[in-house]
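In: I'd like to go over a predicted model; first the sequence, then the structure.
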Amino acid sequence: MELTNWTEFTAPILLSLKVSVVASVFVLLLGGGAAWVMARRSFPGKTWVETAILLPLVLPPTVVGFLLLMLLGKKSWIGQLSELLFHRPIIFTWSAAVIASIVVAFPLVYQAMKTGFSAVNRDLEDAARSTGASEWQVLRHITLPLAWRSVVSAYILGFARGLGEFGATLMIAGNIPGQTQTLPTAIYIAVEAGSHTLAWYWAACIIAISFVMLLLANRRSTEK
């Protein structure tokens with residue numbers, strides 16, 4: 001595997017960063033919403049719901065990718081709806097890589113934010129409600145400011161997890177250079193082609209980025 005220019009080397013890096021940024025924003029919103037509901041509400045089947053949320057943590061990424069392929073493929077109703085409305089498939093696009101990253105990062109973000117929400121004193125929230133504050137006002141002015149470290153850590157963890165996603169991404173996004181080839185898939189192809197030096201360069205990039213992100217997450221969690 002030989003690269004002819006600098007653009008070919010940087011393309012997987014830039015695409016991985018793009019996918020991770022977009023995915024971590026979505027997963028922060030979705031995971032944060034789920035975490036708030038699970039931390040503040042009781043309902044029948046709550047244990048079953050939480051088990052389903054955490055399931056991607058223990059499933060092999062290829063299984064997650066296969067399930068997503070069946071859900072989003074051209075023969076599925078979602079895939080057919082995408083073709084009808086947008087005249088393009090979902091799978092084998094960079095959007096599919098975003099979806100894969102969202103699914104695998106969701107449990108981590110959910111756990112981090114649920115821990116933060118659970119640590120907030122509910123008496124403060126109740127006091128705000130007693131003065132006429134709406135749920136949104138309580139969340140915005142009480143819950144989120146008190147749980148901000150968990151929110152920041154959750155975003156960073158989601159970003160780092162999305163950056164390193166391989167199995168599910170390969171299943172539904174493929175490995176199209178310049179379009180869907182992320183850093184992990186680029187490293188895999190380089191190793192398969194015997195280009196170990198190139199694989200080392202890409203691996204060094206993802207290790208450095210992930211190290212910095214995790215360092216930031218640890219610093220946020222230990223700040224007073």
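Out: Right, received. Where do you want to start? Numbering: from 1, shown residues only.
In: tell me which helix or strand in the protein has the weakest average pLDDT.
Out: helix 77-86 (a mean of 83; mean pLDDT, DSSP states H and E).
In: which is the next helix or strand following it?
Out: Using DSSP states H and E, the helix or strand that follows helix 77-86 towards the C-terminus is helix 94-119.
In: buried ones in that next one?
Out: 94-117 (16 or more other C-beta atoms under 10 Å). C-beta coordinates here come from the backbone N, C-alpha and C atoms, glycine included.
In: which strands or helices does the next helix-or-strand element following that helix pack on?
Out: Going down the chain from helix 94-119, the next helix or strand is helix 122-130, by DSSP H and E. Using 3 or more C-beta pairs under 8 Å, 6 or more residues apart in numbering; DSSP states H and E, the elements in contact with helix 122-130 are helix 135-138.
In: show me the contact partners of the helix or strand that the helix it packs on is followed by.
Out: On the C-terminal side of helix 135-138, the closest following helix or strand by DSSP H and E is helix 144-146. Applying C-beta atoms under 8 Å, 6 or more residues apart in numbering, the external contacts of helix 144-146 come out as 119-121, 124, 151.
In: also stretch 200-220?
Out: Here stretch 200-220 makes contact (C-beta under 8 Å, 6+ apart) with 9, 12-13, 16-17, 149, 152-153, 156-157, 159-160, 163-164, 183-184, 186-187, 190.
In: in this structure Gly164 contacts Pro184, no?
Out: Yes. Between Gly164 and Pro184 there is a contact under C-beta atoms under 8 Å: 6.2 Å.
In: now the angle from the longest helix along the chain to helix 122-130?
Out: Counting residues, the longest helix found in the chain (DSSP state H) is helix 6-40. Between helix 6-40 and helix 122-130, the angle comes out at 80 degrees (axes from the mean of the first three to the mean of the last three C-alpha atoms, to 10 degrees).
In: next SSE after helix 6-40?
Out: Downstream of helix 6-40 (by DSSP H and E), the next one is helix 46-54.
In: taking the mean pLDDT, what do you get for that next one?
Out: Helix 46-54 shows a mean pLDDT of 93 in the predicted model.
In: same deal with stretch 100-108?
Out: The model assigns stretch 100-108 a mean pLDDT of 94.
In: pull the distance from that stretch to the chain's centre.
Out: 4 Å (C-alpha atoms, centre = their mean, to the nearest Å).
In: one more: stretch 145-156?
Out: The answer for stretch 145-156 is 15 Å, by C-alpha atoms, centre = their mean.
In: okay, buried residues for that stretch please.
Out: Buried residues in stretch 145-156 (16+ other C-beta under 10 Å): 146-147, 149-156.
In: quick check: pLDDT value at the residue located most distally from the centre of the chain.
Out: The outermost residue of the chain, judged against the average C-alpha position, is Thr131 (36.9 Å), by C-alpha atoms, centre = their mean. For Thr131, the pLDDT comes out at 87.
In: repeat for Pro60
Out: 91.
In: how about the nearest residue to it, chain neighbours excluded?
Out: Counting by C-beta to C-beta, 6 or more residues apart in numbering, Gly167 is the residue found nearest to Pro60 once chain neighbours are left out, at 6.7 Å.
In: low pLDDT regions in the protein?
Out: 1-5, 220-224 (pLDDT under 70).
In: please report how far the nearest residue to Thr115 once chain neighbours are set aside lies from Ile207.
Out: Nearest residue to Thr115 in three dimensions, chain neighbours excluded: Ser150, at 6.0 Å (C-beta to C-beta, 6+ apart). Ser150 sits at a distance of 25 Å from Ile207 (criterion: C-beta to C-beta, to the nearest Å).
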